[in-house]
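Trainee: please find the sequence and the predicted model below.
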Amino acid sequence: MSAKPAKPKRTKRILVLASCAALGIVACSESSGSTWSAGHVRTPNHLAGLEAAGDAVGDAAEGVSAGASSGLPGRAGLGERPGERPGERPGERLDGQLAERLDGPLAERLDGQLGELPTAGLGRPLARSGGFQYGVSLGLFVSESDDRARKRYYRVFLDEIAALGARDIQFVVRWFQTNPSALSVRPAPDASPGDRLLGWIVDEAHARGLRVFLLPVVGLSQPGPGQWRGTLAPTDWDAWWRSYTDFVMHQATLAEALGVELLSVGSELLSTEHQTRRWRALIARVRSVFAGRLTYSANWDHFEAVAFWDALDLIGVTGYQALSRADDPSEAQLVRGFQPLRDRLEALAARVEKPFILTEVGYPSRVGAAARPWDHVARGQADPQLQLRCYRALFRAWQAHPWLAGLYVWNWFGSGGPSDNGYTPRGKPAAEVLRHWYGSR
């Protein structure tokens, strides 16, 4: 096995202008700024003027197909086919309902809605080392056009996540290609967060003591039946890899400048995973500019096919496997539903001698969520008690697992509350399981 390239020393927060110009994607400069401490050293050298090509790509909601519904006020636009595979979850538009829910502590909003204590009988979580990732994903989906209002929403979300006891936060950056045969991966208006927003929110997260996991994701703007990022089949693989490499290197350069702690080199790109040589070349390039840790986010039903785990620091797997087909599963049934994934991940971790993280794991609060946790467009009656049982089962199945190095719950974004049937645990009993797990360390 060839020696790993030397990692860049993370002593300054500087974007290399030559690298940016070579990519032809971003204009950037260096200016002075404040200092902070969130797990590594940052000097006053700061990032300024970060703009993606056409920074109109923006700060708005991740688009969804016109027929899709998340159970909250939505928006039509770029997105994946309804009923898509895991990872293709829609954004939600913030409105007056959410604005009302931003007032008052979360515990007060939950008062009188929880019924039986959500954490009863769970026991004290196992004490973990400081490196364990107690993570929450936050979608960058706010569609508010006013910058001050948009940032207010994000600050509230960040404050709530920190108050849970979370130590880590994940931000997904989606760029798009038209369909599986397309050759170009580019930012999309109203669906891809701009570099300015990303730089601002990473700083806000760090200021709250949260470590940051940046997850670049490929979306399809015009998918056909059965198509998603796991079925890519470009007409020219060389051209596609050049474009995808530009995407990932842009995020890696930005991540290094922002002091991001963990970066994924990809997510659920099943049809590319046999191209081991290309993945190893990309990982080596990323390491030449990024000093943090690296992972790849594999699909829960395909992670054994990945042959480049040894080139990364952590195994990354999504956790959207079915837990139970029962209409109203018990907590014990849900815990047993995790066992097949536990067995497979244990075998892989022992073989490659690396710990794993659950890069995304979550459950919509609706009837049937345990059978199809990946299905973000299914309609159904809100069922916060089923979501609670799924979260309690998640805790019981994983919190003491010796190979688990952390997890990221999908997704805090959304208005939430007991009548919401989306993924967010915000304002729901499931949030108290996270508070028990994350806040007890």
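Mentor: Arrived safely.
Trainee: from residue 386, how far off is residue 333?
Mentor: Counting by CB to CB, to the nearest Å, the separation of residue 333 from residue 386 is 11 Å. In this view, the C-beta of every residue, glycine as well, is placed from N, C-alpha and C.
Trainee: more crowded one of those two?
Mentor: Neighbour totals were compared for residue 333 and residue 386, and residue 386 leads with 24 against 16 (other CB atoms under 10 Å).
Trainee: was I right about the more buried one contacting residue 371?
Mentor: No. When contacts are counted by CB atoms under 8 Å, residue 386 is not listed as touching residue 371 (10.3 Å).
Trainee: and the contacts of stretch 384-399?
Mentor: 115, 118-119, 122, 125-126, 323, 328-331, 334-335, 337-339, 342, 358, 361, 363-367, 369-370, 373, 404, 407, 418, 425, 428-430, 433-434, 436-437 (CB atoms under 8 Å, 6 or more residues apart in numbering).
Trainee: write the ChimeraX selection for whichever of those are buried.
Mentor: Provided next is the ChimeraX selection string for whichever of the contacts of stretch 384-399 are buried by 16 or more other CB atoms under 10 Å:
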select :118,119,122,125,323,329,334,335,337,338,358,361,363,364,365,366,367,369,370,373,404,407,418,425,428,429,430,433,434,436,437
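Trainee: strand partners of the helix or strand where residue 264 lies, parallel vs antiparallel please.
Mentor: Under the criterion of DSSP states H and E, residue 264 resides in strand 262-267. Using DSSP bridges, the strands paired with strand 262-267 are strand 211-220 (parallel), strand 293-298 (parallel).
Trainee: other SSEs contacting the helix or strand that that strand is followed by?
Mentor: Next along the chain after strand 262-267, taking DSSP H and E as the criterion, comes helix 276-289. When contacts are defined as 3 or more CB pairs under 8 Å, 6 or more residues apart in numbering; DSSP states H and E, helix 276-289 packs onto helix 237-258, strand 262-267, strand 293-298.
Trainee: compare these and give me the one nearest residue 316.
Mentor: Among the helices and strands packed on helix 276-289, the nearest to residue 316 by CB to CB is strand 293-298 (3.9 Å).
Trainee: which parts of the closest one are buried?
Mentor: 294-298.
Trainee: so where is the chain shaky, pLDDT-wise?
Mentor: Scanning the chain for pLDDT under 70 picks out 1-116.
Trainee: tell me where it has strands.
Mentor: Secondary structure of the chain by DSSP state E: the strands cover 26-32, 45-52, 133-137, 168-177, 211-220, 262-267, 293-298, 314-318, 356-361, 404-409.
Trainee: so can I have TSV of those showing distance to residue 255?
Mentor: As requested, those are arranged in TSV below (distance: least, CB to CB, whole Å):
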stretch	distance to residue 255
strand 26-32	13
strand 45-52	11
strand 133-137	16
strand 168-177	10
strand 211-220	5
strand 262-267	5
strand 293-298	10
strand 314-318	15
strand 356-361	16
strand 404-409	16
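Trainee: highest mean neighbour count out of those strands?
Mentor: strand 356-361 (a mean of 27; mean count of other CB atoms under 10 Å).
Trainee: which elements pack onto that strand?
Mentor: Using 3+ CB pairs under 8 Å, 6+ apart: strand 356-361 touches strand 133-137, strand 293-298, strand 314-318, helix 339-352, strand 404-409.
Trainee: quick one: closest of the ones you listed to residue 185.
Mentor: Comparing those under CB to CB, the one sitting nearest is strand 293-298, at 16.1 Å.
Trainee: what residues does that closest one touch?
Mentor: Under CB under 8 Å, 6+ apart, the answer for strand 293-298 is 87, 215, 261-268, 273, 279, 283, 286-287, 305-306, 308-309, 312-318, 357, 359-360.
Trainee: how far off centre is that strand?
Mentor: Distance, stretch centre to chain centre, for strand 293-298: 11 Å (CA atoms, centre = their mean, to the nearest Å).
Trainee: and the angle from that strand to strand 168-177?
Mentor: 60 degrees (axes from the mean of the first three to the mean of the last three CA atoms, to 10 degrees).
Trainee: how much does strand 293-298 deviate in direction from helix 276-289?
Mentor: Using the same axes, to 10 degrees, strand 293-298 lies at 150 degrees relative to helix 276-289.
Trainee: number of residues surrounding residue 332?
Mentor: 12.
Trainee: separation between it and residue 393?
Mentor: Taken as CB to CB, the span from residue 332 to residue 393 is 8 Å.
Trainee: check contacts around residue 323.
Mentor: Contacts of residue 323 (CB under 8 Å, 6+ apart): 329, 333-334, 337-338, 370-371, 373, 390, 393.
Trainee: show only the entries of those found in helices.
Mentor: 333-334, 337, 390, 393 (DSSP state H).
Trainee: of all the residues you listed, which comes closest to residue 411?
Mentor: Scanning the ones in helices among the contacts of residue 323 for proximity to residue 411, where the rule is CB to CB, the winner is residue 390, at 14.4 Å.
Trainee: residues contacting the nearest residue to that closest one once chain neighbours are set aside?
Mentor: Of all residues not flanking residue 390 in the chain, residue 363 sits nearest, at 4.0 Å (CB to CB, 6 or more residues apart in numbering). Applying CB under 8 Å, 6+ apart, we find residue 363 in contact with 369-370, 373, 386-387, 390-391, 423, 430.
Trainee: rerun at 7 Å
Mentor: By CB atoms under 7 Å, 6 or more residues apart in numbering, the contact set of residue 363 is 369-370, 373, 387, 390.
Trainee: and those residues as JSON lines, adding distance to residue 148?
Mentor: Below are the contacts of residue 363 laid out as JSON lines (distance: CB to CB, whole Å):
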{"residue": "369", "distance to residue 148": "36"}
{"residue": "370", "distance to residue 148": "40"}
{"residue": "373", "distance to residue 148": "36"}
{"residue": "387", "distance to residue 148": "33"}
{"residue": "390", "distance to residue 148": "36"}
